[in-house]
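# Predicted coordinates and the sequence they were generated for:
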Amino acid sequence: MARVLLFGRLADQAGWRERVVEASSLVALRDFLAADDAELGEALTGPGVQVAVDKIIVRGETVLAAAAEVAFLPPMSGG
Amino acid sequence: MIILTDQAFEPGEILTAFCAGRDETGAVVSFTGLARAEKGAALILELEAYPGFTDAAIAAFAEQAKARFDLQDYRIVHRTGRIAPGEAIVFVAAAAGHRRAAFEACDFLMDYLKSRAPFWKKEHGPDGERWIEPTARDRTDAERWD
């Protein structure tokens, strides 16, 4: 089970900020979310969107440990 | 020390506490950023952070600044959540043996915080809400240090 977090405009677009998804890889997680909401699926792979697993930015694909926290981070604004 | 808070804070109190008990610090430079009303266009500013990620990223950068400018200490306080015009958004203080390092470190930290720190910023105005990204000026200010 992965805990999925959305930030910024991604959370507004999806209408949720946090949910738990059964997925053992990032690919499987994205596919699951895209099957549920195609527009969100597209936005998650859009320009400038970064992914953090357990609060560390990951580039490319990765497997997900049980209870992983996966955050989708749209371009950051600064404070 | 880095603090993210969703509560209003008083910059003067933080500066006083930061300056206390320093008999080897020649210079403390501080900066306070306030939320602007933008002549009524910005009723509320909303800042979202990712706790545990945002503070870790700021801490990693602040440690770089500490080494680069030979700082003795620093303090960063950043608001999150809904912020009204006139309220403090950010406070940075840098302590060093001499003033030049403290001035430059404070400037360096603010350029990073304004352009690259992991926050997501939304402006609530009379015509609705919009997400804000760093301005070209924020980016070129930050690039001065690269």
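Good, I have the coordinates.
# Tell me the confidence at B:Ala27?
If you check B:Ala27, the pLDDT there is 98.
# B:Asp55 too?
pLDDT, B:Asp55: 96.
# before we move on, what about B:Arg75?
98.
# Beta-bridge partners for it, please?
Taking DSSP bridges as the rule, B:Arg75 bridges to B:Ala93.
# Return the residues of chain A in contact with chain B.
Neighbours of chain B within chain A, by CB under 8 Å from any CB of the partner chain: A:5, A:7-9, A:12, A:52, A:55, A:71, A:73-79. Where you see a C-beta, it was placed from the backbone N, CA and C, and this is true even at glycine.
# Which positions within stretch B:60-76 qualify as buried?
B:Phe61, B:Ala62, B:Ala65, B:Lys66, B:Phe69, B:Leu71, B:Gln72, B:Tyr74, B:Arg75, B:Ile76 (16 or more other CB atoms under 10 Å in any protein chain shown).
# And those residues, which two are furthest apart?
Pairwise distances across those (CB to CB) peak at 17.5 Å, for the pair B:Phe61 and B:Gln72.
# Give me the neighbour count for the residue of chain A found nearest chain B.
Nearest residue of chain A to chain B: A:Gly8, at 3.3 Å (CB to the nearest CB). A count of nearby residues for A:Gly8, using other CB atoms under 10 Å in any protein chain shown, gives 22.
# Compute the number of surrounding residues for the nearest residue to it once chain neighbours are set aside.
Nearest residue to A:Gly8 in three dimensions, chain neighbours excluded: B:Trp120, at 3.3 Å (CB to CB, 6 or more residues apart in numbering or on different chains). By the measure other CB under 10 Å, the count of residues near B:Trp120 is 26.
# I'd like to know the beta-bridge partner residues of B:Trp120.
Under the criterion used (DSSP bridges), B:Trp120 bridges to B:Glu48.
# Specify the local secondary structure of the residue minimising distance to the centre of chain A.
Nearest residue to the geometric centre of chain A (CA atoms, centre = their mean): A:Phe72, 3.7 Å. Three-state call for A:Phe72 (DSSP: H, G, I helix; E, B strand; the rest coil): strand.
# quick one: it and A:Arg9 touch, right?
No. Applying CB atoms under 8 Å as the test, A:Phe72 and A:Arg9 come out as separate, 10.6 Å apart.
# Helix or strand next in line after the helix or strand harbouring A:Gly41, which one?
Following DSSP states H and E, one finds A:Gly41 within helix A:38-44. On the C-terminal side of helix A:38-44, the closest following helix or strand by DSSP H and E is strand A:50-53.
# helices and strands around that next one, which ones?
In terms of contacts (3 or more CB pairs under 8 Å, 6 or more residues apart in numbering or on different chains; DSSP states H and E), strand A:50-53 is packed against strand A:56-58, strand A:69-73.
# Give me whichever of those is most buried.
Of these, the one with the most neighbours on average (mean count of other CB atoms under 10 Å in any protein chain shown) is strand A:69-73, at a mean of 21.
# who does that one pair up with?
Here strand A:69-73 is paired, per DSSP bridges, with strand A:2-6 (parallel), strand A:50-53 (antiparallel).
# Now stretch B:36-51: buried residues?
Quick answer for stretch B:36-51 (16+ other CB under 10 Å): B:Ala42, B:Ile44, B:Leu45, B:Glu46, B:Leu47, B:Glu48, B:Ala49, B:Tyr50.
# Now find how far off-centre that stretch is within its chain.
Offset of stretch B:36-51 from its chain centre (CA atoms, centre = their mean, to the nearest Å): 14 Å.
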